[in-house]
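Colleague: no sequence on this one, just coordinates:
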């Protein structure tokens with residue numbers, strides 16, 4: 001167990017911005033929420049091994065399209081309220097919170113409720129990188145009809161009549177769909193708390209040490225920043241065992257917001273020797289070259305950086321004509337949770353994108369663009 005610091009807030013958001021894979025929330029929001037937590041009270045990061053197997057852990061997150069294309073509002077009190085709503089409905093004691101993914105703000109998702117409600121932050125994630133659907137960070141309960149969950153959301157702008165609070169109970173698959181609709185109705189991005197699970201279950205199903213990985217990567221970035229973008233790129237590649245697979249100008253961007261709170265489409269980069277096509281569903285989910293050959297597939301970490309600033313870019317920050325560097329970390333170099341190895345969480349994303357993911361990622365199909 002250790003107390004988190006303001007340096008940890010900065011590092012978690014900078015490292016999380018790489019793992020965000022084009023999504024994962026908003027950097028300034030993550031900094032604000034993390035620092036607000038430390039102002040409110042001490043925030044303790046614990047290994048799941050430090051907790052008894054029957055300790056209950058709750059996932060804190062945000063639901064919606066993180067590309068900044070909607071008029072959303074989430075305040076610190078909304079994160080706290082979402083957790084309180086679950087606590088009120090849950091018949092037992094919740095001792096800790098965790099995040100379903102790393103990201104620009106999602107790495108610090110649970111820190112404020114932790115400080116406000118006397119909970120610990122558990123050093124585990126539902127996925128090392130950011131992902132578009134709740135199922136992909138649901139620790140294997142996404143389509144388990146025998147698991148009865150409680151999920152809650154809070155957020156939106158009261159002055160526009162968009163603020164809402166909602167608590168739903170049932171299977172993860174059905175309740176998650178309801179919350180995504182609520183996210184859209186509230187303005188496209190909403191605070192959420194979900195899935196009370198035991199520490200024993202978390203040990204077997206989560207990406208253990210996920211927050212520490214983000215903080216360590218963030219510290220490497222902070223140390224390299226005074227030397228400029230190229231030093232940052234080298235530090236990131238060295239820290240993560242990742243690789244930059246191409247640089248060039250964005251020559252086409254076609255990403256649209258849907259009423260299910262997703263940003264879906266493609267971004268094309270004219271790299272040095274070949275065209276790179278990045279498939280987007282809130283986050284970068286795959287990279288193909290101009291011949292339709294797959295170069296990277298979720299759950300690989302996929303990121304795009306500004307070559308001028310060295311900063312990882314969210315999909316909304318990428319504009320046609322921008323110079324970017326495309327980066328990936330192979331899934332073999334990050335811990336994988338049960339969520340991303342579950343074939344049942346992929347079909348809706350594959351249908352939305354029109355490409356295969358699971359079979360390509362896990363060796364059941366050729367590295368080609370079109371589904372068979």
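Modeller: Everything's here; your move. Just so it is clear, the model here is predicted, and its values are computed rather than measured.
Colleague: Tell me which stretches of the stretch 151-300 of the chain form helices.
Modeller: Secondary structure of the stretch 151-300 of the chain (DSSP state H, counting those that start in this stretch): helices at 172-186, 199-205, 210-224, 229-240.
Colleague: Output those in CSV, with mean neighbour count and distance to residue 146 appended to each entry.
Modeller: Placement of C-beta: from N, CA and C, glycine included. Shown next, in CSV, are these (neighbours: other CB atoms under 10 Å; distance: least, CB to CB, whole Å):
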stretch, mean neighbour count, distance to residue 146
helix 172-186, 20, 11
helix 199-205, 19, 13
helix 210-224, 22, 26
helix 229-240, 18, 37
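Colleague: Serialize these to TSV and add fields for mean pLDDT and distance to residue 131.
Modeller: TSV is the format used below for the helices of the stretch 151-300 of the chain (pLDDT from 0 to 100; distance: least, CB to CB, whole Å):
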stretch	mean pLDDT	distance to residue 131
helix 172-186	90	13
helix 199-205	97	15
helix 210-224	98	13
helix 229-240	98	18
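Colleague: Specify the local secondary structure of the residue nearest the centre of the chain.
Modeller: Nearest to the mean C-alpha position of the chain, by CA atoms, centre = their mean, lies residue 130 at 2.6 Å. Under DSSP: H, G, I helix; E, B strand; the rest coil, residue 130 falls in the coil class.
Colleague: Quick check: phi and psi at it.
Modeller: Backbone torsions of residue 130, given as degrees, to the nearest 10, read phi -80, psi 150.
Colleague: Is it in contact with residue 105, as I believe?
Modeller: No - with contact defined as CB atoms under 8 Å, residue 130 does not reach residue 105; the gap is 10.1 Å.
Colleague: Check the contact lists of those two and give me the overlap.
Modeller: Taking CB atoms under 8 Å, 6 or more residues apart in numbering as the contact rule, residue 130 and residue 105 both touch 24-25.
Colleague: show me what contacts the residue lying closest to the residue nearest to the centre of the chain once chain neighbours are set aside?
Modeller: Using CB to CB, 6 or more residues apart in numbering and skipping residues adjacent in sequence, the residue nearest residue 130 is residue 24, 3.5 Å away. Neighbouring residues of residue 24 by CB under 8 Å, 6+ apart: 16-17, 66, 101-107, 129-130, 283, 314.
Colleague: Turn those residues into CSV, columns for secondary structure and pLDDT.
Modeller: Shown next, in CSV, are the contacts of residue 24 (DSSP: H, G, I helix; E, B strand; the rest coil; pLDDT from 0 to 100):
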residue, secondary structure, pLDDT
16, helix, 97
17, helix, 97
66, coil, 51
101, coil, 95
102, coil, 96
103, coil, 94
104, coil, 94
105, coil, 92
106, helix, 92
107, helix, 96
129, coil, 97
130, coil, 94
283, strand, 95
314, coil, 93
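Colleague: Need those residues in TSV (columns: distance to residue 338).
Modeller: Formatted as TSV, the contacts of residue 24 follow (distance: CB to CB, whole Å):
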residue	distance to residue 338
16	21
17	25
66	24
101	14
102	17
103	20
104	25
105	24
106	19
107	20
129	15
130	17
283	19
314	27
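Colleague: one step back: which residues sit in contact with the residue nearest to the centre of the chain?
Modeller: By CB under 8 Å, 6+ apart, the neighbours of residue 130 are 19-25, 66, 101-103, 106, 282-283.
Colleague: buried ones in the helix or strand hosting residue 83?
Modeller: For residue 83, the host element (DSSP states H and E) is helix 76-89. Residues 76, 78-87 are the ones in helix 76-89 that count as buried (16 or more other CB atoms under 10 Å).
Colleague: any idea which of the contacts of residue 24 is the one closest to residue 253?
Modeller: Closest approach between those and residue 253, by CB to CB: residue 314, at 12.5 Å.
Colleague: was I right about the closest one contacting residue 22?
Modeller: Yes - contact criterion CB under 8 Å: residue 314 and residue 22 qualify, at 5.9 Å.
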